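> Give me coordinates for this.
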Amino acid sequence: MEYLGYVQLGTSMALLVGFCINKINIILKSGWRNKTLMNQTLMANDIKYVLNPLLPPFGEFNVPDLPLQAVRILLLTEGPDHPAFYLNGIRSFGFTAVEFEYKWICLSFLMQDPDFIFSLAYMAFSFQGLV
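Model (predicted):
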């Protein structure tokens with residue numbers, strides 16, 4: 001009987017790992033796409049009064065030169081894939097608070113996905129059954 005519990009726990013862990021490998025990027029990209037589209041309309045005044053005055057003459061934002069509020073608005077309205085967040089090919093948000101907000105929003109996208117919740121609950125109940 002104990003062997004079946006280990007098999008079920010292993011199966012549930014494989015299900016969760018397979019889900020993470022296959023679908024997390026899709027969930028995060030679609031979540032950020034929807035969020036940025038919504039925020040571009042909701043935060044139009046912030047874009048106008050905070051981001052536009054900081055736009056350099058050559059037209060490219062550089063995150064280390066921006067204040068915290070501007071980096072946060074840039075993340076929420078343009079998304080984490082904006083070229084300003086990449087320095088030498090590495091993603092950098094410039095501020096720990098903005099990086100935490102990015103990770104928190106990504107976690108909220110995952111926690112709203114029913115397939116992820118199912119996989120997590122399946123693993124939790126498999127572990128509970130084993131114990």
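
> Quick check: the residue nearest to residue 78 when sequence neighbours are not counted vs residue 77, distance?
Distances taken as CB to CB, 6 or more residues apart in numbering put residue 36 closest to residue 78, at 6.2 Å, once the chain neighbours are dropped. (Each C-beta comes from the backbone N, C-alpha and C, glycine too.) Here the criterion is CB to CB, to the nearest Å. By it, residue 36 lies 6 Å from residue 77.

> Torsion angles phi and psi at residue 125?
phi -70, psi -30 (degrees, to the nearest 10).

> what's near enough to touch it?
For residue 125, the contacting residues are residue 12, by CB atoms under 8 Å, 6 or more residues apart in numbering.

> rewinding a little: in terms of helices and strands, where is the residue nearest to residue 78?
Per DSSP states H and E: residue 36 is located in helix 2-42.

> Could I get the contacting residues of the residue most central in space within the chain?
Ranked by distance to the mean C-alpha position of the chain (CA atoms, centre = their mean), the top residue is residue 106 at 2.5 Å. Remark: with contacts taken as CB under 8 Å, 6+ apart, residue 106 is in contact with 28, 31.

> in the helix or strand containing it, what counts as buried?
With the criterion set as DSSP H and E, the secondary-structure element containing residue 106 is helix 96-111. Applying a neighbour-count criterion of 16 or more other CB atoms under 10 Å, one finds 98-99, 101-102, 105-106, 109-110 buried in helix 96-111.
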